[in-house]
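[1] build the 3D model from these lines:
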Amino acid sequence: MSGVITASEPSWIAPFTGLSPRQFSKLITALRSEGADPVRKGRPWSLPLEDRMLLVAAYWRTNLTLRQLAPLFGVSKSAADRIIDHLGPALALQQRKRYRKDTVLIVDGTLVPTRDHTIAEQSKNYQYSTNHQVVIDADTRLVVAVGRPVAGNRNDCKAWELSGAKDAAGNTTVIADGGYRGTGLVIPHRREKGRTELPDWKEKHNASHRKVRARVEHVFARMKSWKILRDCRLKGDGVHHAMLGIARLHNLVLAG
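    Residues are numbered from 1 along each chain as shown. Coordinates of the predicted model:
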């Protein structure tokens with residue numbers, strides 16, 4: 001059975017990955033060098049690595065069911081499931097471990113509606129969700145770390161520690177919103193008890209803080225264009241792998 005969608009037709013690449021054919025080719029080369037396409041014992045993959053990569057990206061981008069997506073690539077539902085389970089983790093963002101001395105990071109949490117109730121809890125969006133702490137470089141707007149998902153009813157200051165995002169940032173200066181009180185991060189000034197207004201210098205500092213911190217919201221907006229992050233049906237680590245993979249593709253688009 002032949003499929004409709006294939007990476008050999010460059011016009012399919014950008015809609016599902018956001019990458020140009022040149023960027024897509026560089027990603028495939030990187031995946032091969034990372035060992036994502038080893039020689040298998042037994043039956044080989046029914047699709048080349050390029051098409052398998054495109055299948056995973058199409059699944060994340062459209063959130064179609066595997067029963068709907070598999071025929072478009074000319075494979076069975078079970079084969080599509082195996083491809084996603086194998087290649088999804090291989091696409092994960094390699095989180096940065098070292099930073100320049102003058103680096104400034106921004107962190108915020110985003111909720112992903114997740115159907116696996118063993119890792120999700122009802123949150124402020126009234127859905128079962130997972131909380132994902134995303135850390136970006138304030139200068140380049142590249143994602144440098146994504147914490148492991150925690151239950152959606154955890155507040156951000158707790159999720160910052162539990163997810164591993166705090167350890168990933170190390171001693172680097174990190175900007176956050178007011179939900180991270182008591183964490184030692186750079187957050188907006190608050191009015192002192194008994195005062196109705198902030199001093200002018202604090203108001204100006206808060207305005208500057210909001211302008212810089214908005215960059216992480218712009219990153220969320222781009223990442224949420226991948227529909228898997230609006231209603232994730234993946235179980236276990238699947239939602240984490242999707243977040244890491246989408247972060248890597250986001251970075252490739254920005255890097256050009």
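[2] please identify the buried residues of stretch 42-50?
    45-47, 49-50 (16 or more other C-beta atoms under 10 Å). (Each C-beta comes from the backbone N, C-alpha and C, glycine too.)
[3] one more: stretch 27-41?
    So for stretch 27-41, counting by 16+ other C-beta under 10 Å, buried means 27-28, 31, 36-37.
[4] re the thing from before, now intersect the buried residues of stretch 42-50 with the strands, please.
    Among the buried residues of stretch 42-50, no residue falls in strands (DSSP state E).
[5] and those, which is closest to residue 76?
    residue 46 (8.4 Å; C-beta to C-beta).
[6] doesn't residue 80 make contact with the closest one?
    No. Between residue 46 and residue 80 there is no contact under C-beta atoms under 8 Å: 9.8 Å.
[7] possible to save the buried residues of stretch 27-41 as a markdown table with secondary structure, distance to residue 227 and pLDDT?
    Output for the buried residues of stretch 27-41, formatted as a markdown table (DSSP: H, G, I helix; E, B strand; the rest coil; distance: C-beta to C-beta, whole Å; pLDDT from 0 to 100):
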| residue | secondary structure | distance to residue 227 | pLDDT |
| --- | --- | --- | --- |
| 27 | helix | 21 | 96 |
| 28 | helix | 23 | 96 |
| 31 | helix | 23 | 96 |
| 36 | coil | 24 | 90 |
| 37 | coil | 27 | 87 |
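[8] the residue lying closest to residue 91 once chain neighbours are set aside - how many residues pack around it?
    Distance criterion C-beta to C-beta, 6 or more residues apart in numbering; nearest residue to residue 91, sequence neighbours excluded, is residue 245 at 3.8 Å. Using other C-beta atoms under 10 Å, residue 245 has 23 neighbouring residues.
[9] partner strands of the helix or strand harbouring residue 112 and their direction?
    Per DSSP states H and E: residue 112 is located in strand 104-113. As defined by DSSP bridges, the strand partners of strand 104-113 come to strand 128-137 (antiparallel), strand 173-175 (parallel).
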